[in-house]
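> Using only what follows, build the 3D model:
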Amino acid sequence: MDKASVEALIAQIYSAASGRTPWEVALTELCLVLDAWAVQILGLDKQTGGILFSHVGGGATLSDHLAYVRTYNRIDPRAPLLLSSTFSGWIHCHEHLSEDMVANNAFYQDFLIPAGGRYVSGTKITDDESLTVVLGVHRGVGNQPLGEKEIAFLEKLRAHLVEAMAIYRYLTARQFESSVGYAILERLHHPTVLIDTNRSIRFANATAKRTLAAKQRVSDHQGFLACVNVNDHNNLVAEIIDMTHAGINSNRRYMRLESASVGICLSALRPEEVMGAFGNTLLLMVVFHDTVNTATPDPFMLAEVFDLTPAEVQVAMAISEGHSLEDIARQRNVAIETIRAQLKTVFSKTQTNRQSDLVRRLLALAPV
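Numbering: from 1, shown residues only. A predicted model of the protein is given here:
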């Protein structure tokens, strides 16, 4: 980069730190400079182990970001390496995790590689008694890990990143509303609400607020989530009670309202499973889904309703589009036995045993 471009990038970093522009803008620009798949800044509370904030720029989607926070952070083999590294040192995953390990690891095969990522190089830009902030630069499938030239460029930016993080931490890092969980949900185009076990609404993204305000199928009734139809409302209450008492083995439910035009997916956000990203109490994430005006399966809803991994979603979507297993294996550059195993799991999770039945269930989002 020329001097003017570097100065512009530094200005974007400070603009993000002060809250004038989203972090995603600066990180996406940095991503382009480094020819990276994604660049992430992750803040971890040392007292609780929870995520205080997380910002990502580049190719990772909101669904990928949410899936990592909710599920895959718990099995990420790279995280202990980054967190145990010395301050200002660099950790490169390929120097610690072998190709054989990657080929047989669920985090990589079910999540990261299907999402488009592969390598990460990380360093701590803040590390004190209360907070660790990690900068992670991700290279995608088919690319190479960061080289010495890119690391040297990032080292020149380090002082600015450290100062920017100090500013950001002072202004916003302790504001829970700016935490990773709410930030991701706010940007989802799916109407999404967080409620407690008493149906009290703790959060609703902009799309959900419009849905609730319309009061056609669901509403905000004096701060509580309610269904307009009495039978629908009673069923919703029953599902919430059942989920609450069923414990950790009941993390997802799907119900279709009597009108048959709206589906509701309920999923539990337990603090110990999501690194406290949504607070310290059990919350339920409620996602509304239009079951009529949907010509093709919605990947996000497939993951929500059937608890499919990103790799399994890709297989299910490809099957619904008429691709053969051989085509899918070739496109994914994996062995056909891997695709067969993933399809077998998809059959199990959707309780189908034929591709034709699977496609019908995916299109209808028929609850299991």
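> now stretch 297-316, how far from the centre of its chain.
13 Å (CA atoms, centre = their mean, to the nearest Å).
> What is the end-to-end distance of it?
End-to-end distance of stretch 297-316: 9 Å, with CA to CA, to the nearest Å as the criterion.
> next one: stretch 77-95
Across stretch 77-95, first to last residue, CA to CA, it's 13 Å.
> Stretch 120-134: which residues count as buried?
For stretch 120-134, burial by neighbour count (16 or more other CB atoms under 10 Å) applies to Val120, Ser121, Gly122, Thr123, Lys124, Ile125, Thr126, Asp127, Leu131, Thr132, Val133, Val134. To be clear about C-beta, it is placed using only N, CA and C from the backbone, and glycine gets the same treatment.
> Neighbouring strands - and their directions - for the helix or strand containing the second one?
Assigned by DSSP states H and E, Ser121 falls within strand 117-127. Partners of strand 117-127 in the sheet, by DSSP bridges, are strand 90-92 (antiparallel), strand 131-140 (antiparallel).
> for it, what is the average pLDDT?
Mean pLDDT, computed over strand 117-127, is 94.
> Tabulate the strands paired with strand 117-127 in a markdown table, adding columns for mean pLDDT and distance to Ile336.
Shown next, in a markdown table, are the strands paired with strand 117-127 (pLDDT from 0 to 100; distance: least, CB to CB, whole Å):
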| stretch | mean pLDDT | distance to Ile336 |
| --- | --- | --- |
| strand 90-92 | 94 | 32 |
| strand 131-140 | 93 | 23 |
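> Now do the helices in the stretch 51-200 of the chain.
If DSSP state H, counting those that start in this stretch is used as the criterion, the helices of the stretch 51-200 of the chain fall at 62-70, 79-84, 99-103, 106, 113-115, 148-168, 180-187.
> between those, which gets nearest to Asp45?
Proximity to Asp45 (CB to CB) singles out helix 180-187 among the helices of the stretch 51-200 of the chain, at 11.6 Å.
> hang on, Thr21 packs against Gln12?
Yes: using CB atoms under 8 Å as the test, Thr21 is close enough to Gln12 to be in contact (6.9 Å).
> circling back: same list (the helices of the stretch 51-200 of the chain) but as TSV, adding distance to Ala16 and mean neighbour count.
Listed next are these as TSV, based on distance: least, CB to CB, whole Å; neighbours: other CB atoms under 10 Å:
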stretch	distance to Ala16	mean neighbour count
helix 62-70	17	21
helix 79-84	21	15
helix 99-103	32	12
helix 106	33	13
helix 113-115	24	22
helix 148-168	7	15
helix 180-187	13	21
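> Using TSV, please lay out those helices together with distance to Val313.
What follows is the helices of the stretch 51-200 of the chain, written out as TSV (distance: least, CB to CB, whole Å):
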stretch	distance to Val313
helix 62-70	9
helix 79-84	23
helix 99-103	20
helix 106	15
helix 113-115	8
helix 148-168	31
helix 180-187	18
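> I'd like to know which of these lies nearest to Asp298.
With distances scored as CB to CB, the stretch of the helices of the stretch 51-200 of the chain nearest to Asp298 is helix 62-70 (10.3 Å).
> So for the closest one, mean pLDDT?
83.
> tell me the contacts of Ile328?
Gln314, Val315, Ala318, Ile319, Ile339 (CB atoms under 8 Å, 6 or more residues apart in numbering).
> mind listing what the last one touches?
Right, the one you point to is Ile339. Ile339 touches Val315, Leu325, Ile328, Ala329, Arg332, counting by CB under 8 Å, 6+ apart.
> Drop the exposed ones from those residues and show what's left.
Val315, Leu325, Ile328, Ala329, Arg332.
> what's the helix or strand for Leu284?
strand 283-290.
> by how many degrees do whichever helix or strand comes after that strand and helix 62-70 diverge?
Counting by DSSP H and E, the next helix or strand C-terminal to strand 283-290 is helix 299-306. Interaxial angle, helix 299-306 versus helix 62-70 (axes from the mean of the first three to the mean of the last three CA atoms, to 10 degrees): 30 degrees.
> What is helix 299-306 packed up against?
Other elements packing on helix 299-306 under the criterion 3 or more CB pairs under 8 Å, 6 or more residues apart in numbering; DSSP states H and E are helix 62-70, strand 252-256, strand 262-269, strand 283-290, helix 310-320, helix 336-350.
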